[in-house]
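A.B. asks: need the 3D shape of this:
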Amino acid sequence: MEPKNRSATLEPVSGPAQPSVKHLPAVQHTLHHAISCVGTGLHTGARITLTLQPAPAGHGIVFKRSDLNAALLPARFDYVVDTRLSTVLGDATNPTNRIATIEHLMAALNGCGIDNVLVLVDGPEIPVFDGSAADFVFLMDCAGRVAQEAVRHRIDVLRPVRVEQGDAFVELSPAPVQNLHLDLSIDFPAEAIGKQTFSTELTPATFRQDLARNRTFTLRQEIEALHKAGLARGGSLDNAIVVDGSEILNPSGLRCPDEFIRHKVMDAVGDLYLAGAPLRARFTGHRSGHCLNNKVLRALFADPAAWRYVPAHASFSLAAA
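C.D. replies: Take a look at the predicted model:
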C-alpha cells in the first residue's frame, strides 16, 4: 500500500487512540480532506489506485469507477450483484460497472463513524492491502474526520428477521444496546480453525481494538481451484492467512488465536453498513458469509414492520437499482 503524499509508515495497529463512544454521534461525519493510495487487487492482481474524497451531508457512501464513464454505485444492499467470494457492487444495466471486495473498506467506514464519502477506484476491485481493515483505518486517520451540520440517522430493527442456508443462518433482532451488537460463530473442519465464537458491541474503540487488524483467510486446497478460475491472482501470504489442516502457513502466524472469527465479524460490520445507515440491532449468526449478510438486509427491508428510520422525519429511499 502506498499512500500518496504521505511519509507515514503503515503498521498493523491503526492510528491514534479514539474516545470510547457508547452512543451514535449526534451528527454526520466526513473526511477532512481527500487521500489516495495504491495497492493490489486480490483477484485481478492489478495495481489499483483508491481515492477517498469528502462528501456533503446526506451524500452517503458512494463508489465510482474512475476508469469508466459509468454511473455511481451507492453502497447499499440492493446494489450488491455478487457475494460468492466478496461483496460486489454493480450496475444492473451495465455489467462492466462493478467493484468487488468492498467489505473491508465498508467495515472501516462503519467502525470509524464516517457517513459521507466518495470512493474512487480505477479498477474492478478495492485493493486488498494486508487482508484486514487496518490500512483503511490508517488512511482515514491521515485524512482526518470532520463533523457536519446534519443529524446522523440510524435504522432500528423492531422484530427478528432470519435467513438460513443449510446449517448456516443469520438473524437481525432488536438490540439490547444502543449500537450494533454482533454475536457470531464458525465451525471449520480444518484443525487450525475449528469452532470459534465472538461477541462484541460495535463502537469506534472496539472496532479498532478487536476487529480492524484481523485478516481474511483461505484453505490451501481452495487456492488451486481459485487460480484455475482466474481468481486470487494477487493473493499471497502477505494479504491472507492460509490454513493447511492444523498448520498456519504464514511465517508470522496469527495476530490473535481467534483471528478467524474476528475477521468474520469484521466482514459483517462492513456488509451490514450496506443498510444505508448504522444499524441498532443484534446480529446473530453461525457459519455466515457475504451471501447471508446481504440476504438478511433484503429480508429486513422487505418487511416495513421490521424496521424504522430514526429520526422518523428524515427521508430514506429504498428505490431499486
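A.B. asks: point out where the stretch 1-150 of the chain drops to low pLDDT.
C.D. replies: Along the stretch 1-150 of the chain, segments meeting pLDDT under 70 span 1-25.
A.B. asks: ok, now the stretch 201-321 of the chain?
C.D. replies: Using pLDDT under 70, the stretch 201-321 of the chain drops low at 231-232, 312-321.
A.B. asks: can you pull out the helices in it?
C.D. replies: Remark: helices assigned in the stretch 201-321 of the chain by DSSP state H, counting those that start in this stretch are 204-206, 220-228, 259-272, 290-301.
A.B. asks: pull out the buried residues from stretch 271-280.
C.D. replies: Across stretch 271-280, burial judged by 16 or more other CB atoms under 10 Å covers 271, 272, 273, 274, 275, 276, 277, 278, 279, 280. Heads up, the C-betas are built off the backbone N, CA and C, glycines and all.
A.B. asks: with stretch 160-167 instead?
C.D. replies: 161, 163.
A.B. asks: run through who's touching that stretch.
C.D. replies: Outside of stretch 160-167, the residues within contact range by CB atoms under 8 Å, 6 or more residues apart in numbering are 169-174, 286-287, 291-292, 295-296, 299-300, 303, 306.
A.B. asks: ok, these vs residue 45, which is closest?
C.D. replies: For the contacts of stretch 160-167, the residue nearest residue 45 by CB to CB is residue 291; the value is 24.5 Å.
A.B. asks: I'd assumed residue 155 was in contact with residue 311.
C.D. replies: No - between residue 311 and residue 155 there is no contact under CB atoms under 8 Å: 11.5 Å.
A.B. asks: who's more crowded, these two?
C.D. replies: residue 155 (23 against 10; other CB atoms under 10 Å).
A.B. asks: model confidence for that one, exactly?
C.D. replies: Predicted confidence (pLDDT) for residue 155: 97.
A.B. asks: distance of the residue nearest to residue 104 when sequence neighbours are not counted from residue 284?
C.D. replies: Leaving aside its sequence neighbours, residue 104 sits nearest to residue 133 (CB to CB, 6 or more residues apart in numbering; 4.6 Å). With distances taken as CB to CB, to the nearest Å, residue 133 is found 22 Å from residue 284.
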